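Q: build me a model from this:
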Amino acid sequence: MFPWKLIAGAVLAATSLAAIAEVPQAVPPVPGASSVPAAPGAAPAIDAASAEDDTFLLLREAARQNDAARANALASRLPDYVLSGYVDYYRLKPRLRDATPDEVRAVLRRHEGSAIAERLRADWLLELGRQRDWNNFEHEMRQLAGTPELQVRCYGLQARALRGERVAPEARALLTNPPAYGEGCAALMTQLVQMNQLGQDDLLVQLRLAGEMGATGPSRRIAQLLGASDTRAAQAVDVPAVAMARGIGANRAEHEIYLVALGRMARTSLKLAVVALEKNSSKLNKEERAIGWANVALAASIALSPDAHDYWKRAEGAPLSNFQLEWKTRMALRRGDWKTVAATIDAMPAGLAAESGWIYWRGRAHVAQNRKEEGEALFRRIATQNNFYGQLAMEELGELVTIPPAAAPPTPGEVAYVAALPAMKQAMKFYALRLRPEGNREWSWALRGLSERQLLAAAEYARRNELLDRMVETSLRTRNELDFDQRFPAPHNDILHPTAKNLSLDTAWVYGLIRQESRFVSDARSGVGASGLMQVMPATGKWVAAKIGLTDFVHDMLNDLRTNITLGANYMNMVLENNGGSQVLATAAYNAGPARSRTWRGQLEAPMEGAVFVESIPFTETRTYVRNVMSNATNYAALFERRPQSLKARLGTIAPRGAASGLP
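A: Numbers count the residues shown, from 1 in each chain. Below you'll find the model as predicted:
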């Protein structure tokens, strides 16, 4: 997260379970609910002010506070509540650690096949893993419908290892994200080391990953398994200067801790890291020196330093992490070094290389190396994907972005069918209670196994209830029955169109940004305080209001739709003008701040293809954000203008021109 940050991300992040800390108050029914067809099974009218609803909200909060006694008392007052599965779940959750298997299975049987039963089973699996109750764990693991979370998968591998299976290859493929390991993956690693399924080389890889990702806790645990100082390992991550001052150490593990500290230091001072590595090179073996230069090269790449190329050359032979491979590829793209682009993508694990972005750039590398047929074969693999790379691949094949013919609209009967699904009814109840995360969970559960026609009907049901984010997400699941009016809605045009026109803003770009920001949830609020359709931060709203003469502005006005659009659109116009009319630079500035966008542009030594510039934006969130906004805008332009569009033309070329700014 960035201190300045205008945006917190898409609405799913803005409305995550962790972000909702207050007990919601009673609210009116879901907007537009009256427009739902009056068919059997349609969502029932909801009295949001009812005593039962208030009790349920208190129960939810008691469960979140792990207050078992209060949760039990409140649940007892809701014997026939419409959300009975959640009443049982919230009653049981605070004491899940002490509950007997019979108690938990009784609740699971009562609500089997529901979203909340799946959630309960996932929670219980974590608890069974912590308790090392492998018999019950493996029984319940087989019942889980979805993909288990990382810790549950780690416990699953541990259980199999204890039965004598060799699971090291699966563990190596799984253990790639130390910040998410928790107790489950830490226990798996310890168990496999004790069983000689993982050795020192595996632990050194894990130590590098933990250092690369700034994961202090895992660094400590891995150091202990290596027989090294956990304190020094933590210092290498958190205060690298202190760890480096202690010297390289006497053994392989201590050398690796020093190299972690070197890489962390390089993030803040490349010069100091380079000096330290050159000074101590004679004390390191050839592979260790290469690892050190790879750590320096990664930091230089993220800083978009022109020296990164030389550092990568000095890192030849180092075992590279996925993150390092990606950044080595990006820096080669910036240099137009297609040979290195091809080689680094080829060196990626199969799953990473199969991502649409790397398929696209591998295709570009083939074409640049006079292997046009191979390149076009790769482009065809992703050209049907309506996303940033799919659209670029289409253009490489000589096609532009167009809107496919719309499927036949859902019939009233099709809409009534999805409205009557039990999970859909529960979703609507949660939306009425302003409990969007739970509503989204039930909505997604309701979509399981639906045909494409039924998915279109569910999307239409969402539209009729003004749940445009659900409409978009649901419609995106279809592959043959397509409706781009569902996927790319354009609400509030009576406000947005004249606002954009008065500012000479591209309406397609504005809608493309809103779709990414909030998915058209007008009351979306991020974890850092960004509000409304365009996710405007209070400080930015105040600044823009002063600039445009909105003298009576107060923060609460950000929740007003018209004011939110006015301030957001004006800010878009300001960052666009400040970036020479480049939508790429302006979009990056809207997300990460004008200063960062200027810095990234300032690193250019020559004009750069827009797609390459986007690919090498240092912040993962901003890079993804810009891709999505620009892809969205291209689709909106095709919808609005009813003619083929070029994403490449929209991306343009980014020129290396500095610019002064008065933007915050």
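Q: can you pull the pLDDT of the closest residue to Gly317 other than its chain neighbours?
A: Once flanking residues are discounted, Gly317 sits nearest to Ala290: 4.7 Å by C-beta to C-beta, 6 or more residues apart in numbering. All C-beta atoms are positioned from the backbone trio N, CA, C, and that covers glycine. Reported pLDDT at Ala290 in the predicted model: 98.
Q: separation between Ala290 and Arg160?
A: From Ala290 across to Arg160, the span is 35 Å (C-beta to C-beta, to the nearest Å).
Q: neighbour count: those two, which is higher?
A: Relative neighbour count places Ala290 above the other of Ala290 and Arg160, with 18 against 15, counting by other C-beta atoms under 10 Å.
Q: next one: that one relative to Gln583, how far apart?
A: 40 Å.
Q: cool, and Arg601?
A: Using C-beta to C-beta, one gets 13 Å for the distance from Arg601 to Gln583.
Q: phi first, then psi, for Arg525.
A: Taking degrees, to the nearest 10, you get phi -140, psi 130 for the backbone angles of Arg525.
Q: pretty sure it is touching Val536, no?
A: No: at 10.8 Å, Arg525 does not count as touching Val536 under the criterion of C-beta atoms under 8 Å.
Q: what about these two, which has more around it?
A: Using other C-beta under 10 Å, the more surrounded residue of Arg525 and Val536 is Val536, with 29 against 20.
Q: got a list of what the residue nearest to Gly317 touches?
A: Residues near Ala290 by C-beta atoms under 8 Å, 6 or more residues apart in numbering: Arg314, Ala315, Glu316, Gly317, Ala318.
Q: please name the residues that touch the fourth one.
A: Spelled out, it's Gly317. Contacts of Gly317 were listed using C-beta under 8 Å, 6+ apart, and they are Lys286, Glu287, Ala290.
Q: ditto for Asn570
A: Contact criterion C-beta under 8 Å, 6+ apart gives Leu503, Val544, Lys547, Ile548 as the residues in contact with Asn570.
Q: show the pLDDT at it.
A: On pLDDT, Asn570 comes in at 96.
Q: isn't there a helix covering it?
A: Yes: with DSSP: H, G, I helix; E, B strand; the rest coil as the criterion, Asn570 is located in a helix.
Q: packing partners of the lengthiest helix in the chain?
A: Using DSSP state H to assign secondary structure, the helix with the most residues in the chain is helix 620-641. Judged by 3 or more C-beta pairs under 8 Å, 6 or more residues apart in numbering; DSSP states H and E, helix 620-641 is in contact with helix 388-396, helix 484-487, helix 507-517, helix 583-592, helix 610-615, helix 647-651.
Q: state the mean pLDDT of that helix.
A: Mean per-residue pLDDT for helix 620-641: 98.
Q: could you pull up the mean pLDDT of stretch 225-239?
A: Looking at stretch 225-239 alone, the average pLDDT works out to 97.
Q: buried residues in it, which are they?
A: Of the residues in stretch 225-239, those scored as buried under the neighbour-count criterion (16 or more other C-beta atoms under 10 Å) are Leu225, Leu226, Ala228, Ser229, Asp230, Arg232, Ala233, Ala234, Gln235, Ala236, Val237.
Q: now secondary structure too, for those, in CSV please.
A: Rendered in CSV, the data for the buried residues of stretch 225-239 read as follows (three-state DSSP):
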residue, secondary structure
Leu225, helix
Leu226, helix
Ala228, coil
Ser229, coil
Asp230, helix
Arg232, helix
Ala233, helix
Ala234, helix
Gln235, helix
Ala236, helix
Val237, helix
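Q: any chance of those in a markdown table, plus distance to Val629?
A: Shown next, in a markdown table, are those (distance: C-beta to C-beta, whole Å):
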| residue | distance to Val629 |
| --- | --- |
| Leu225 | 44 |
| Leu226 | 44 |
| Ala228 | 45 |
| Ser229 | 46 |
| Asp230 | 43 |
| Arg232 | 44 |
| Ala233 | 40 |
| Ala234 | 39 |
| Gln235 | 40 |
| Ala236 | 37 |
| Val237 | 34 |
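Q: in the stretch 551-664 of the chain, where is pLDDT below threshold?
A: Counting by pLDDT under 70, the stretch 551-664 of the chain contains low-confidence residues at 658-664.
Q: give me that answer again for 90
A: 551-559, 657-664 (pLDDT under 90).
Q: which residues are contacting stretch 472-491?
A: Outside stretch 472-491, the residues that touch it by C-beta under 8 Å, 6+ apart are 386, 403-407, 409, 443, 447, 452-453, 455-456, 458-460, 462-463, 468, 471, 496, 511, 515, 519-520, 632, 635-636, 639-640.
Q: PyMOL command for the buried members of those residues?
A: In PyMOL, selecting the buried portion of the contacts of stretch 472-491, with burial taken from 16+ other C-beta under 10 Å, looks like this:
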select buried, resi 386+403+407+443+447+453+455+456+458+459+460+462+463+468+471+496+511+515+519+520+632+635+636+639+640
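Q: now intersect the contacts of stretch 472-491 with the strands, please.
A: Secondary structure assignment (DSSP state E) places none of the contacts of stretch 472-491 within strands.
Q: tell me how many other residues surround Gly247.
A: The burial count assigned to Gly247 is 11, neighbours taken as other C-beta under 10 Å.
Q: kindly report the same for the one 3 residues further on.
A: Residues contacting Ala250 under the criterion other C-beta under 10 Å number 8.
Q: and if you look at Thr384?
A: Residues lying near Thr384 (other C-beta under 10 Å) number 10.
Q: which of the three states applies to it?
A: When the structure is split into helix, strand and coil by three-state DSSP, Thr384 lands in coil.
Q: my read: it touches Gly390, true?
A: Yes: using C-beta under 8 Å, Thr384 and Gly390 qualify as a contacting pair, with a distance of 6.6 Å.
Q: about what we covered before: need the helices and strands packed on helix 620-641 in JSON lines (columns: distance to Ala122).
A: Shown next, in JSON lines, are the helices and strands packed on helix 620-641 (distance: least, C-beta to C-beta, whole Å):
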{"stretch": "helix 388-396", "distance to Ala122": "32"}
{"stretch": "helix 484-487", "distance to Ala122": "30"}
{"stretch": "helix 507-517", "distance to Ala122": "29"}
{"stretch": "helix 583-592", "distance to Ala122": "32"}
{"stretch": "helix 610-615", "distance to Ala122": "35"}
{"stretch": "helix 647-651", "distance to Ala122": "39"}
